[in-house]
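In: dropping a prediction and its sequence here:
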Amino acid sequence: MATDPLIEFRNVNFSYGTRPILKGVDMSMSRGQVIAIMGGSGSGKTTLLRLIGGEVRPSAGSVTVAGQVVHELGRNELFKLRRKMGMLFQFGALFTDLSVFDNVAFQMREHTNLPESMIRDLVLMKLHAVGLRGAHQLMPAQLSGGMARRVALARSIALDPMLMMFDEPFTGLDPISLSVIGGLIRRLTDTLGMTSILVTHDIQESLRIVDYIYFLADGVIVAHGTPDEVRESKVPFVHQFVHGETDGPVPFHYQAQAYSQDLGIRVESSIQPEIISMNTGNN
Amino acid sequence: MVDSIWRLGCAAHFILLVLLKSVPGFLRFRLITREIYYAGVLSLIIILVSGLFVGMVLGLQGYETLQKFGSESAVGTLVALSLVRELGPVIAALLFASRAGSAITAEIGLMKATEQLAAMGMMAVDPIARIVAPRFWGGVFSMPLLAAMFSVMGVFGGYLVTVVFIGVDEGSFWSQMQSSVDFRYDIVNGVIKSCFFGVVVTAIAVFEGFDAPPTAAGVSGATTRTVVTSSLAILGLDFVLTAFMFRGVS
């Protein structure tokens, strides 16, 4: 990939208790790009973001952000690094007791000594960037899902971060909101000169706005490439994911014993359980 | 059993962290003032109304018993001592646990469930310093004030029933109360009790909220635990404090 990496994963392993989540992940993410991390549910995508933010520590390997190994940082250094990061949570995570204006102003008031008049101008500029300047007096409970996501986006770019992380930014959005959010991510990344990492399932929107895509399955990077390379890919996992096919290396069903066995149906050895189940369902 | 001890250790460690991270809250005292409003001012109605009725019942029951011995003029003493030493701090704390303690737990638990605490952490703002510590101190400061108001309202309720409605001599009511209630021995000890209760209730409330599993059932369970654990802690601690404070010396 391109030079000057902002984030590097080197042989990162991570597990929750005895359950391994990431197994020897190697990744490199360049500055100024929009990078998508894709994969099925429970494949460890969000864990990658949590490792970058220093919320969890790898059990082996290292995550380096802007030349600093995240898990080796003390609390103060980690908080200093986090001031240069922004994170958009899946459902916005707006502070429900604060208005839209105060949500966006939160970091400015916590981390800077800017006068209130300047904070007001900056907040309105951030809200204008996401098209919600007129909503600055509303409370989070008065916002739709898409609006809440946009306010959260304005809040996360309040201090002009060098790195933005988006956790499932497109989930549950109508096509218009989805397109608006996708466009905003691309535009803000280019305008502010930051690096954006998206964890998402939405392949079509991702192919439209990102520069590079990593595919994660069972805790390992199974494929990666530019959107054009991904579209042309013959890798079975990528092909199945991009085209939303039912058959392929990614199983739809969670591992279980035979369906017929669960339903208590006796199966002739020469007949497939799937056929039996279909017949049963049609009766 | 091992789990309970482990949890107790976690709670102690958590409260230690809250104390250590309280400095920013005191430097921005409006954060604590806001919590005093939510925990204290908004609990006033329930405290004042309950205090009034408890005082009225004490007056009635006290008069009923004392008049048998011709000592109905001592009803003021009975009402005041019962309230200032025991009922004021204890009932106010039980009401505080139900009204404010449960609200603190639910609020922090929901903030955790909706990732607001995680978002705050990712913004390099420590949720313990910004969210938990002001709520802890807001509760600690509110509790003695609420207990005092409960007692004042209770004395007024007792006065209303015995003097205004029944007709006990007003002079005897107040003078006997004045001569029997000692500032240091009765009132200060009552205030000390309510301070202890304030620390215990809010410590339980903030810990349960912060430790709640981030689900609807988790937050609901944590809220219930706050009320139950706080109530038991208040009653148990009241016995211990009473044993140390009041030993028949007057």
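Out: Nice, I can see it.

In: from residue B:61, how far out is the residue of chain B most remote from its centre?
Out: For chain B, the residue at maximal distance from the C-alpha centroid (CA atoms, centre = their mean) is residue B:70, at 35.8 Å. Distance of residue B:70 to residue B:61, given as CB to CB, to the nearest Å: 17 Å. (Each C-beta comes from the backbone N, C-alpha and C, glycine too.)

In: now do stretch B:20-30: distance to the chain's middle.
Out: Relative to its chain's centre, stretch B:20-30 lies at 22 Å (CA atoms, centre = their mean, to the nearest Å).

In: quick one: contacts of that stretch?
Out: B:31, B:32, B:126, B:128, B:129, B:130, B:132, B:133, B:134, B:136, B:137 (CB atoms under 8 Å, 6 or more residues apart in numbering or on different chains).

In: check the residues you listed against chain A, which are close?
Out: Counting by CB under 8 Å from any CB of the partner chain, B:126, B:130 from these sit close to chain A.

In: in JSON lines: the contacts of stretch B:20-30, plus secondary structure and neighbour count.
Out: Below are those laid out as JSON lines (DSSP: H, G, I helix; E, B strand; the rest coil; neighbours: other CB atoms under 10 Å in any protein chain shown):
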{"residue": "B:31", "secondary structure": "helix", "neighbour count": "19"}
{"residue": "B:32", "secondary structure": "helix", "neighbour count": "21"}
{"residue": "B:126", "secondary structure": "coil", "neighbour count": "18"}
{"residue": "B:128", "secondary structure": "helix", "neighbour count": "19"}
{"residue": "B:129", "secondary structure": "helix", "neighbour count": "19"}
{"residue": "B:130", "secondary structure": "helix", "neighbour count": "20"}
{"residue": "B:132", "secondary structure": "helix", "neighbour count": "27"}
{"residue": "B:133", "secondary structure": "helix", "neighbour count": "26"}
{"residue": "B:134", "secondary structure": "helix", "neighbour count": "24"}
{"residue": "B:136", "secondary structure": "helix", "neighbour count": "28"}
{"residue": "B:137", "secondary structure": "helix", "neighbour count": "24"}
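
In: the contacts of stretch B:20-30 into TSV, with extra columns for pLDDT?
Out: What follows is the contacts of stretch B:20-30, written out as TSV (pLDDT from 0 to 100):
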residue	pLDDT
B:31	90
B:32	92
B:126	92
B:128	94
B:129	92
B:130	92
B:132	95
B:133	94
B:134	94
B:136	95
B:137	95
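
In: can you list the strands that the one helix or strand residue A:87 maps to pairs with?
Out: If you go by DSSP states H and E, residue A:87 is part of strand A:85-88. According to DSSP bridges, strand A:85-88 forms sheet pairs with strand A:163-167 (parallel).

In: now the partner strand, how far from the chain's geometric center?
Out: Chain-centre distance of strand A:163-167: 7 Å, with CA atoms, centre = their mean.

In: and whatever helix or strand residue B:149 lives in, how far from the chain's centre?
Out: Taking DSSP H and E as the definition, one finds residue B:149 inside helix B:133-159. Chain-centre distance of helix B:133-159: 7 Å, with CA atoms, centre = their mean.

In: list the buried residues in it.
Out: Within helix B:133-159, the residues that qualify as buried are B:133-159, counting by 16 or more other CB atoms under 10 Å in any protein chain shown.

In: just stretch A:111-126 next, same as before
Out: Judged by neighbour count using 16+ other CB under 10 Å, the buried positions of stretch A:111-126 are A:119, A:122, A:123, A:124, A:126.

In: right, is that stretch up against chain B?
Out: Yes: using CB under 8 Å from any CB, stretch A:111-126 reaches chain B at residue A:111.

In: and chain B, which residues reach chain A?
Out: Residues of chain B lying close to chain A by CB under 8 Å from any CB are B:110-111, B:114-116, B:118-126, B:130.

In: pLDDT value on the residue farthest from the centre of chain B, please?
Out: Note for residue B:70: predicted pLDDT of 84.

In: helices and strands of chain A: which one bottoms out on pLDDT?
Out: Ranked by mean pLDDT, DSSP states H and E, the weakest helix or strand in chain A is helix A:273-282, scoring a mean of 43.

In: ok, the residue most central in space within chain B to chain A distance?
Out: By CA atoms, centre = their mean, chain B has its centre lying nearest to residue B:93, at 2.6 Å. According to CB to the nearest CB, to the nearest Å, residue B:93 and chain A sit 26 Å apart.

In: would you mind measuring from that residue to residue B:211?
Out: Distance, residue B:93 to residue B:211, by CB to CB: 22 Å.

In: now residue B:198
Out: Distance, residue B:198 to residue B:211, using CB to CB: 20 Å.

In: do the same with residue A:224
Out: Distance from residue A:224 to residue B:211, by CB to CB: 39 Å.

In: cool, residue B:193 as well?
Out: Distance from residue B:193 to residue B:211, counting by CB to CB: 27 Å.

In: taking the buried residues of stretch A:111-126 one by one, which sit in helices?
Out: Using DSSP state H, the members of the buried residues of stretch A:111-126 that fall in helices are A:119, A:122, A:123, A:124, A:126.
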